[in-house]
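Asker: A structural model of the following input is requested.
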Amino acid sequence: MPRTSKAAGSVALVTGANRGIGLGFVQELAARGARKIYAGVRDPGDVSDQFKELPVEVVPLDVTDRALAQAAAADCPDVNLLVNNAGLFTNHRLVLTDDPDAARREMEVNYFGVLNMTRAFAPVLGANGGGYIANVLSVAGAFPAPFMGGYSPAKAAALFLSSITRSELAEQGTEVIALIVGSVDTRMAAHVQGRKEDPRDIARAGLTALDRGEYVADTDFMAVDARARYARDPVRYERGMTKLLKATVMDTGR
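Answerer: Numbering: from 1, shown residues only. Here you go, the predicted structure:
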């Protein structure tokens, strides 16, 4: 018998929902029968017709603002599926940087933003039967990626946060999945060369992994391949990352 999607009949909230992977999640949730989708966006003015004919309600939301996260939880009391997708990549080095505040901004969005939303919605999910949290992370958070500056440690922190959240919310029945994402065709990855996945495919893989009850799931070929190569020979992989960093510095000047 086919497995019933956990998205079917759900009420979901997706952060960073108006483009990229977030929009892919909105579209895939709707395709799987979500009853309502709250689309969290920093600027509702950025919304045009992305959500046309979808069961979407736009929610103004900056995940770095704890008060706004709490307000969203109060305004969306029926949520049982939280997708923490909003992210920031500044494309700056971590140590040898010309913008020492870039790493802090990346940590604020990619780690503290996830923490703010998780804290705000944990009681909501508990009141609605436990529910689900899907954290959209990165292969750069599964192991050190020096060419991604402060983004890599921020995503690594969010990976640990996912596990800790799972343990803390186990008693209320909340399931938590960390999605390890590779290279995707989004504005954030516009500078990346080579193969890039469709955001909708990432959402599809992530929700399917959620249906299977996975804790951590690779969503695409790059994530699978990179994690396998790192597991086989971490030293060789890190040396390769160093060469890639040098090439990136030559291309961008950063």
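Asker: Which parts of the protein are strands?
Answerer: Using DSSP state E, the strands of the chain run over 11-15, 36-41, 56-60, 81-84, 132-136, 175-180, 216-218.
Asker: Residue nearest the middle of the chain, spatially speaking?
Answerer: Centroid-nearest residue in the chain: residue 136, 2.1 Å away (criterion: C-alpha atoms, centre = their mean).
Asker: isn't residue 116 right up against residue 63?
Answerer: Yes. Applying C-beta atoms under 8 Å as the test, residue 116 and residue 63 come out as touching, 5.8 Å apart. For glycine as for every other residue, the C-beta is placed from the backbone atoms N, C-alpha and C.
Asker: Name the spans of the stretch 51-200 of the chain whose pLDDT lies under the cut-off.
Answerer: 185-196 (pLDDT under 70).
Asker: can the strands of the chain go into CSV with extra columns for distance to residue 25?
Answerer: As requested, the strands of the chain are exported to CSV (distance: least, C-beta to C-beta, whole Å):
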stretch, distance to residue 25
strand 11-15, 5
strand 36-41, 8
strand 56-60, 11
strand 81-84, 5
strand 132-136, 8
strand 175-180, 10
strand 216-218, 14
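Asker: tally of neighbours for residue 8?
Answerer: 12 (other C-beta atoms under 10 Å).
Asker: Residue 229 too?
Answerer: Using other C-beta under 10 Å, residue 229 has 14 neighbouring residues.
Asker: Spit out the contact partners of it.
Answerer: Going by C-beta atoms under 8 Å, 6 or more residues apart in numbering, residue 229 touches residue 237.
Asker: Just the local confidence number for it, please.
Answerer: If you check residue 229, the pLDDT there is 91.
Asker: Residue 1 now?
Answerer: The per-residue pLDDT reported for residue 1 equals 38.
Asker: Residue 249 too?
Answerer: pLDDT, residue 249: 51.
Asker: just to revisit the earlier point, roughly how far apart are the residue nearest to the centre of the chain and residue 242?
Answerer: Per C-beta to C-beta, to the nearest Å, residue 136 is found 27 Å from residue 242.
Asker: And residue 87, by the same measure?
Answerer: Applying C-beta to C-beta to residue 87 and residue 242 gives a distance of 24 Å.
Asker: Looking at those two, which has the bigger crowd around it?
Answerer: The neighbour comparison of residue 87 against residue 242 (other C-beta under 10 Å) goes to residue 87, with 26 against 12.
Asker: Nearest spatial neighbour of that one, chain-adjacent residues omitted?
Answerer: residue 110 (5.5 Å; C-beta to C-beta, 6 or more residues apart in numbering).
Asker: contacting residues around the one you found?
Answerer: 87-88, 151, 154-155, 157-158.
Asker: how close does it sit to residue 28?
Answerer: Distance, residue 110 to residue 28, using C-beta to C-beta: 22 Å.
Asker: Which parts of the stretch 151-254 of the chain are helices?
Answerer: 151-168, 199-212, 221-232, 234-252 (DSSP state H, counting those that start in this stretch).
Asker: Which among the ones you listed is found nearest to residue 32?
Answerer: Nearest of the helices of the stretch 151-254 of the chain to residue 32, taken as C-beta to C-beta: helix 199-212 at 6.5 Å.
Asker: Determine the set of other helices and strands touching the closest one.
Answerer: In terms of contacts (3 or more C-beta pairs under 8 Å, 6 or more residues apart in numbering; DSSP states H and E), helix 199-212 is packed against helix 20-31, strand 132-136, strand 175-180, strand 216-218.
Asker: Relative to residue 121, which of those is closest?
Answerer: strand 132-136 (7.8 Å).
Asker: Redo the helices of the stretch 151-254 of the chain as JSON lines? Include distance to residue 56.
Answerer: Output for these, formatted as JSON lines (distance: least, C-beta to C-beta, whole Å):
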{"stretch": "helix 151-168", "distance to residue 56": "25"}
{"stretch": "helix 199-212", "distance to residue 56": "14"}
{"stretch": "helix 221-232", "distance to residue 56": "28"}
{"stretch": "helix 234-252", "distance to residue 56": "36"}
